[in-house]
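**Student:** Fold the stuff below for me.
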Amino acid sequence: MDFRAQAGRTRDVRVLALPLLACLLAACSIGGGEKTFTEGGVTFRYPSGWDVAGFSTTNSPRRLAVASYALPEDAVEGDCGGLRAVELLPADGALVLLIDYGSELRSFPPRPEELTLSEGAFGEYECFGASTLFRFQVGDRALQAHVVLGPDTSDGMRDRALAILESLEVEEPTRFEPRAREDGEQVVLQLTFLDGTTAELRYPPALGLERFTIRPYSSGRIHGRSPTPGRGDVVGRDFIVVDDEVSRVLARMRERRAPVLVAEYKAPGGETVGLWNVGRRSNVNYLGFQFGRWAVLVYDYKTAGAMTNEERASWVESFSGREADGGWLVLEGTGRLRLARAGEHAGPQLMLYATGTERGFGLYPGTCRPHRDQDRVVAGKLVSWRGGFANWCLSDSMRIHASGSRRFVGALIRELQVRHVELAS
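**Tutor:** Got it, this is the predicted structure:
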């Protein structure tokens, strides 16, 4: 089993754009009349009196605008996001449009310490008109910027626009780290599955499992009424769950072009959930949910087998998630949506793997009884072990599949224990 294949990661949350509110929501410095804006790990300073239209929610890659004049809330929304901001540019104004391509593009050069207009590429650009284009890398992010100046813009205004780009900083994303503690000569790792099932792993420190990357998994079914012959009325979907933001996950899945927003649906809390197309070669689109730090993608077919618009709206209305104790994600389904329970087909699982290696294992809560393929006894346990893959019962209520070197798998069989498994009701 390739546990890395389970890995699918910016949050679709509107940031209030008025300078005062931006200052309240972020760290602000009043020295020199400058303020700091931050969202999705992107931070920059901009002059007092300038306006910021926060990151877009209807397109990917995301974009935002910073202007010396007032901007409408939808200045960067839609297929040509940024055009409205350009159209409102006064003769003496300045506008900076910033596009965040995420962490997957590696072809952009590092940003120079000082920027001048001559280092950019001036031209007529679709959606942005006559502007100077810059492309550069800051931290792990590929960024594109357009600087748009009016015919009467002063040199000082131009320099302030360039200074915004020079001040850009990117916060490194923090990886989810499960809660672990020492108990004598053992490490105790607390686990929570997507349905709320909890368990406790115990192992010697040399295994270092608390440093493994974690990928939760589960599935759900929604009851509808199929208009398509041959497609049942019950639609089952499994989930891509990643500790990251939706737009980052989508950006990594894209095929040459940026993900395209196909439709939007309103969730009960008022936020929007997008249906995204990541490329022509893919036969599926994805509903992108953001629950705290966790992105959850629910696929839907583009043609045969696709859900109706009403069924997709039902997913959005009935699907919710929350961060439980320790930052773990717990999912809930209401109404027509039923989420798989522990022990059921495609039910809650946790995959843990060491990034860049073949070492990993999956945990499957539910009744576990030895089967006939488990024909070896290792450390008193019945195990099925072939090459680099093994499976056995960690307990009567937890099954494990492990892959990796003989040494790693053997250490798990001999030394890994599970306790206090509490299945969700």
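
**Student:** what about stretch 117-124, average pLDDT?
**Tutor:** Across stretch 117-124, pLDDT averages out at 94.

**Student:** mind checking the longest helix of the protein?
**Tutor:** Assignment by DSSP state H gives helix 155-166 as the longest helix of the chain.

**Student:** Give me the buried positions along that helix.
**Tutor:** 157, 158, 160, 161, 162, 163, 164, 165 (16 or more other Cβ atoms under 10 Å). (Glycine included, C-beta is placed from N, CA and C.)

**Student:** What of stretch 300-318?
**Tutor:** Going by neighbour count (16+ other Cβ under 10 Å), the buried part of stretch 300-318 is 300, 306, 307, 308, 311, 312, 313, 314, 315, 316, 317, 318.

**Student:** Need the contact partners of that stretch.
**Tutor:** 222, 224, 226-228, 231, 235, 237, 263, 265-268, 273, 275, 277, 282-287, 289, 298, 333-337 (Cβ atoms under 8 Å, 6 or more residues apart in numbering).

**Student:** So for the nearest residue in space to residue 406 that is not next to it in sequence, what pLDDT did the model give?
**Tutor:** Nearest in space to residue 406, with sequence neighbours left out and distances taken as Cβ to Cβ, 6 or more residues apart in numbering, is residue 388 at 7.5 Å. Note on residue 388: pLDDT of 94.

**Student:** Run a quick neighbour tally on residue 388.
**Tutor:** 15 (other Cβ atoms under 10 Å).

**Student:** Low-confidence ranges, the protein, go.
**Tutor:** Along the chain, the parts satisfying pLDDT under 70 run over 1-34, 40, 104-106, 173, 226, 229-230, 255-257.

**Student:** So which residues of the stretch 201-350 of the chain form strands?
**Tutor:** Along the stretch 201-350 of the chain, counting by DSSP state E, counting those that start in this stretch, strands occupy 213-217, 219-223, 234-242, 260-266, 272-277, 284-291, 294-301, 319-323, 329-333, 337-339, 349-353.

**Student:** Neighbouring strands of the second one in the sheet, and parallel or not?
**Tutor:** Sheet partners assigned to strand 219-223 using DSSP bridges are listed as strand 234-242 (antiparallel), strand 337-339 (antiparallel).

**Student:** Taking strand 349-353 as reference, get the angle to it.
**Tutor:** Orientation check (axes from the mean of the first three to the mean of the last three Cα atoms, to 10 degrees): strand 219-223 against strand 349-353 gives 150 degrees.

**Student:** Now do the buried residues in strand 219-223.
**Tutor:** Buried residues in strand 219-223 (16+ other Cβ under 10 Å): 219, 220, 221, 222.

**Student:** Same list, those residues, but as CSV with distance to residue 189 please.
**Tutor:** Formatted as CSV, these follow (distance: Cβ to Cβ, whole Å):
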residue, distance to residue 189
219, 25
220, 27
221, 31
222, 33
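
**Student:** pretty sure residue 195 is in contact with residue 342, am I right?
**Tutor:** Yes. Here residue 195 reaches residue 342: they are 6.0 Å apart, a contact under Cβ atoms under 8 Å.

**Student:** Residues in contact with both of the two, list them for me.
**Tutor:** The contact lists of residue 195 and residue 342 share 348, 424, where a contact means Cβ under 8 Å, 6+ apart.

**Student:** what about residue 84, which SS state?
**Tutor:** With DSSP: H, G, I helix; E, B strand; the rest coil as the basis, residue 84 sits in helix.

**Student:** any idea how far it is from residue 70?
**Tutor:** Distance of residue 84 to residue 70, given as Cβ to Cβ, to the nearest Å: 12 Å.

**Student:** Which one of the two is surrounded by more residues?
**Tutor:** Ranked by neighbour count (other Cβ under 10 Å), residue 84 and residue 70 place residue 84 first, with 18 against 12.

**Student:** ok, now which ones touch the nearest residue to that one once chain neighbours are set aside?
**Tutor:** Of all residues not flanking residue 84 in the chain, residue 75 sits nearest, at 4.8 Å (Cβ to Cβ, 6+ apart). Residue 75 is in contact with 53, 65, 81, 82, 84, 85, 88, counting by Cβ under 8 Å, 6+ apart.

**Student:** No further queries at this time; thank you.
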